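[1] Have a look at this fold, sequence not included:
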């Protein structure tokens, strides 16, 4: 009796399991999302010496670096989780994430230590991504293996909600810090505070998770001799019946989830702030409202999948996003910056230039000169967030920019030294921006003209799509794979899909905009990815609702 009672007291209840798992995951998402939400500020401190557009793309690329290493974290912690247990794996992931995030708040800037600053930032982003690669799989599996079969979708929906809670936490802390310090102080040093706050959240999350025991399914696996996988990698990826499921999950669910979710909650944020020039605090408030609404929808769609199945709910989210991307983003422009939408319609901008003299407006190493008359004109328009089309000129002709009926001649900067080229670019910029202002192109969105109700309604289209796809996802992934390889097999496609297809979306889409001159061109990235996933999902993904989670083999 004395031996059994302590064990019983240590056995967590279902509420404790869900709360501790979701809270820890929310903390890790908070850590990860701080960086994405502060990309514009971070660009100014760690990527000086390059153009404004390039610095922003580099900051987004640094954000994406964390996603690049997530599959490696998935493999390492997936192996630990399948061999040694779920609990130990996600205690390590949360600790690594917290230490890395806290350290970012103390990093010296480029002005202080030069190139060592962005390199140190990238190194900490790598550590964050490595840790997050093992987090989601452990939390989702842990909850699912405790949940009653008929409530599995709804209860694992709380793990999906943790992403919303993490994003809300990040945005709220950033907004409060901005309002308290003022924008000038926030830009100078206050951006560090949200990173420092993470240490307190880490201690709370660790305290909650330490009290948890091992999952019932893994305990049962340990009790059966030879049931625990000795080689999770080989079983997951070298046996066709398991590898086939991994590929279906990647191409039929996860790459769409990455594209849809990051377009809804990150690219839309960058689009509003960087392209449409909406005030950063206003964007934060809007994203908080949309994310709060999403928190309820994850659980709702998880619950709905318990009733009608995982597959139809996820397909609905994919199809809605695919058909809505282009029309909704164009409507967002009209709602958030109507002056810009009106100017684009009434006075379209065209760059007239010899195509051979035009470069892609992206310089990842800060060495491109952009001295041709075409490059100078396009760099001004890209930094201004103005969409333009191209018209060819004969070889040797100097580029020009037409803004409606007004024509502005650019200048050739080839052969000029740095100071002279900078002065020349400044002169061209004054001329082009003057023409833009005369045609009604605003430097910033006018807060008085923002249609907040319409803007929020448009954002909710993407929120519904993202939550319908993401809400049932944890239950579907856990149900697809057998207990002995579940952590490894589901974590890898999840982190490739979310990490690579989703994490690279903001940087890739914005680079596509900078390269093409069309502010909507970057949307082809999520549209193409999601359309492919719809076809794979319909053709190959089985329905999993109600499957036994204690099975050892596929």
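    Done, it's in. Predicted model only: the values in this text are computed from it and were never measured.
[2] For residue 33, the count of nearby residues, please.
    By other Cβ atoms under 10 Å, 23 other residues sit near residue 33. For every residue, glycine as well, the C-beta is placed using N, CA and C.
[3] what's the helix or strand for it?
    Residue 33 is part of helix 14-37 when elements are defined by DSSP states H and E.
[4] So which elements touch that helix?
    Here helix 14-37 is seen to pack against helix 52-68, helix 86-104, helix 116-146, helix 152-181, helix 193-210 when contacts are counted using 3 or more Cβ pairs under 8 Å, 6 or more residues apart in numbering; DSSP states H and E.
[5] Dump those helices to JSON lines, plus distance to residue 461.
    What follows is the helices and strands packed on helix 14-37, written out as JSON lines (distance: least, Cβ to Cβ, whole Å):
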{"stretch": "helix 52-68", "distance to residue 461": "23"}
{"stretch": "helix 86-104", "distance to residue 461": "31"}
{"stretch": "helix 116-146", "distance to residue 461": "25"}
{"stretch": "helix 152-181", "distance to residue 461": "16"}
{"stretch": "helix 193-210", "distance to residue 461": "29"}
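[6] quick revisit: buried residues, the helix holding residue 33. List them.
    Of the residues in helix 14-37, those buried under the neighbour-count criterion (16 or more other Cβ atoms under 10 Å) are 17-18, 20-37.
[7] mean pLDDT for the helices and strands packed on helix 14-37: which is lowest?
    Between the helices and strands packed on helix 14-37, the lowest average pLDDT goes to helix 52-68, which shows a mean of 73.
[8] angle of that one against helix 116-146?
    Here helix 52-68 points in a direction 40 degrees away from that of helix 116-146 (axes from the mean of the first three to the mean of the last three Cα atoms, to 10 degrees).
[9] To which secondary structure element is the closest residue to residue 432 other than its chain neighbours assigned?
    Spatial nearest neighbour of residue 432, excluding adjacent residues (Cβ to Cβ, 6 or more residues apart in numbering): residue 380 at 4.8 Å. The secondary structure element spanning residue 380 is helix 373-384 (assigned by DSSP H and E).
[10] next structured bit after that helix?
    Reading on from helix 373-384 to the C-terminus, the next helix or strand found by DSSP H and E is strand 388-392.
[11] Packing partners of that following strand?
    Packed against strand 388-392 by the contact rule (3+ Cβ pairs under 8 Å, 6+ apart) you find strand 349-353.
[12] returning to that earlier point: any idea how far the helix holding residue 380 is from the chain center?
    With Cα atoms, centre = their mean, to the nearest Å as the basis, the distance from the averaged C-alpha position of helix 373-384 to the chain average is 28 Å.
[13] Show the average pLDDT along it.
    The predicted model assigns helix 373-384 a mean pLDDT of 87.
[14] just stretch 533-541 next, same as before
    For stretch 533-541, the per-residue pLDDT values average out at 96.
[15] Show me what counts as buried in it.
    533-534, 536-537, 541.
[16] do the same with stretch 437-451
    When neighbours are counted by 16+ other Cβ under 10 Å, the buried residues of stretch 437-451 are found to be 439, 441-442, 445, 450.
[17] now swap in stretch 105-120 and tell me
    Buried, per 16+ other Cβ under 10 Å, within stretch 105-120: 105, 107, 109-110, 117-118, 120.
[18] Which one of the helices and strands packed on helix 14-37 lies nearest to residue 406?
    In terms of Cβ to Cβ, the element of the helices and strands packed on helix 14-37 nearest to residue 406 is helix 52-68, at 23.7 Å.
[19] which strands and helices sit next to that closest one?
    helix 14-37, helix 39-46, helix 116-146, helix 373-384, helix 505-516.
[20] Redo these as TSV? Include distance to residue 92.
    Formatted as TSV, the entries for those read as follows, by distance: least, Cβ to Cβ, whole Å:
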stretch	distance to residue 92
helix 14-37	12
helix 39-46	27
helix 116-146	7
helix 373-384	43
helix 505-516	28
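[21] Which one, of those helices, ends up nearest to residue 309?
    Comparison of the helices and strands packed on helix 52-68 against residue 309 by Cβ to Cβ identifies helix 116-146 as nearest, at 16.1 Å.
[22] picking that back up, so which of the buried residues of stretch 105-120 is the closest to residue 523?
    The shortest approach to residue 523 among these belongs to residue 118, at 28.5 Å (Cβ to Cβ).
[23] My read is that residue 92 contacts residue 77, right?
    Yes - using Cβ atoms under 8 Å, residue 92 makes contact with residue 77 at a distance of 7.1 Å.
[24] follow-up on the earlier one: looking at the helices and strands packed on helix 14-37, which is nearest to residue 473?
    Closest to residue 473 of these, according to Cβ to Cβ: helix 152-181, at 6.7 Å.
[25] in that closest one, what counts as buried?
    Counting neighbours by 16+ other Cβ under 10 Å, helix 152-181 gives 152-175, 177-178, 181 as buried.
[26] That helix - contacts with which helices or strands?
    Right, helix 152-181 is packed against helix 14-37, helix 116-146, helix 193-210, helix 280-308, helix 452-470, helix 473-480 by 3+ Cβ pairs under 8 Å, 6+ apart.
[27] Past it, which element shows up next along the chain?
    Read in the C-terminal direction, the helix or strand following helix 152-181 is helix 183-188, with elements assigned using DSSP H and E.
[28] For that next one, name the packing helices and strands.
    Under the contact definition 3+ Cβ pairs under 8 Å, 6+ apart, helix 183-188 sits against helix 39-46.
[29] what angle separates the helix it packs on from helix 116-146?
    Angle between the axes of helix 39-46 and helix 116-146 is 140 degrees (criterion: the same axes, to 10 degrees).
[30] name the helices or strands packed onto helix 39-46?
    Judged by 3+ Cβ pairs under 8 Å, 6+ apart, helix 39-46 is in contact with helix 52-68, helix 110-113, helix 116-146, helix 183-188.
[31] and the angle for it with helix 86-104?
    Here helix 39-46 runs at 60 degrees with respect to helix 86-104, directions being taken by the same axes, to 10 degrees.
[32] can you list the residues that contact helix 39-46?
    Counting by Cβ atoms under 8 Å, 6 or more residues apart in numbering, the neighbours of helix 39-46 from elsewhere in the structure are 35, 55-56, 58-60, 62-63, 107, 109-111, 117-118, 121, 186-187, 191, 270, 273-274, 280, 506.
[33] avg pLDDT for it?
    If you average the pLDDT values across helix 39-46, you get 82.
[34] Counting neighbours, what do you get for residue 183?
    Applying other Cβ under 10 Å, we find 13 other residues in the vicinity of residue 183.
[35] And it, how close does it get to residue 334?
    Summarising the geometry, the distance separating residue 183 from residue 334, computed by Cβ to Cβ, to the nearest Å, is 27 Å.
[36] With residue 262 instead?
    Separation of residue 262 from residue 334 (Cβ to Cβ): 23 Å.
[37] Of the two, which one has the most company?
    Under the neighbour definition other Cβ under 10 Å, residue 262 and residue 334 were set side by side, and residue 262 has more, 26 against 17.
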